[in-house]
Structures are given as structure tokens and as C-alpha cells.
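In: Build me a model:
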Amino acid sequence: MKLTTRSHYSVKALLDLSLQPGYGPTSVKAIAQRQDLPAPYLEKLLIKMRRAGLVKSVRGARGGYQLAHRPERISLGQILEAVGETFEPLSRHAPDINIAEDWVTFSVWHQLHQKLKEALYSITLADLYYDARSWQAAVGEANNFII
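Out: Now for the predicted structure:
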């Protein structure tokens, strides 16, 4: 499974929000600048994630977006689902009841899909944050956090 631009930008934005002191709000413009993302597209993604309950919007001069939950309560599966990513490998396939191999193939793909879905919903934003930090430390990068 390869992350699309939409899902990649969404994960980057939420990781950026997880770095805010006290998980406070930050503007779309600030996130876009830090993560080198197009602000108009990022705004659309954040609106989708707000509708899914992953982020909150805060009005006012110091407003913007902030996480709706702590990073360890937001899963990669929730993020992907919020922005319309699908991970249904055989959504329209119906196995031929007369061909055993078709049923076996269908069963294998169905089981793999279940395991993939479980994995996506078990990986949290906090996990991704610590993985990125570990990698940065391993390669000797400074403390800036561009994903």
C-alpha cells in the first residue's frame, strides 16, 4: 500500500499539530510553511479531518487547528478514512462459486485485508512521531521536525 499525496499531507499536518505546546491551535499557513505543503489543499484536508473528529478548529487571532484527541488516541486508519482513502482490495469482486481457486484467492485477500486494517488502526500518531524522531536521531538531524 502506498500513501497518496492526500494521506501523506494529512499525516504530516497532524504530526505538526502534535508538536504544538499543549496541543494548542496553529494556523494552516504556519503548518503549510513548516511542512512545505500547499495551504489551500491543506485547508481542505483539515476540514475533512475536523468533520471526522480528529481536529478542532479555533476561531480568533490565535486560532487555527488543533488535535481533538491526544496523539496516542488517533490512528493511521482514522486519518486515512477521514480523508477518503480506501483500503478495500476486492471491494467489487465476488468469487465464482464453481471455481475453488477463486474462493481460495478471495479468502486470502480477505484475510490480508483484515490484517492490514487491524495494523492501520493500531498505529497511532504518537507511534509515527516517535518513529520519525528515532530516525532523525539515528541520522544525526537537528531538532527541526519536517516530515
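
In: Every contact and neighbour count from this point should use C-alpha atoms.
Out: OK.

In: can you give me the strands in the protein?
Out: Secondary structure of the chain (DSSP state E): strands located at 55-58, 64-67.

In: Only the C-alpha atoms, please, for the last one, written as PDB.
Out: Listed in PDB are the C-alpha atoms of strand 64-67, where the atom choice follows Å, rounded to 0.1, in the frame of the first residue of the first chain:
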ATOM      1  CA  GLY A  64      -6.300  27.600  13.800                       C
ATOM      2  CA  TYR A  65      -6.500  23.900  14.100                       C
ATOM      3  CA  GLN A  66      -5.600  21.600  17.000                       C
ATOM      4  CA  LEU A  67      -5.800  17.900  17.700                       C
END
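
In: That strand packs against which elements?
Out: The contact analysis (3 or more Cα pairs under 8 Å, 6 or more residues apart in numbering; DSSP states H and E) places strand 64-67 against helix 5-18, strand 55-58.

In: ok so, going back, for the strands of the chain, could you give me TSV that also reports mean neighbour count, mean pLDDT and distance to Ser18?
Out: Output for the strands of the chain, formatted as TSV (neighbours: other Cα atoms under 10 Å; pLDDT from 0 to 100; distance: least, Cα to Cα, whole Å):
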stretch	mean neighbour count	mean pLDDT	distance to Ser18
strand 55-58	18	96	11
strand 64-67	23	96	7
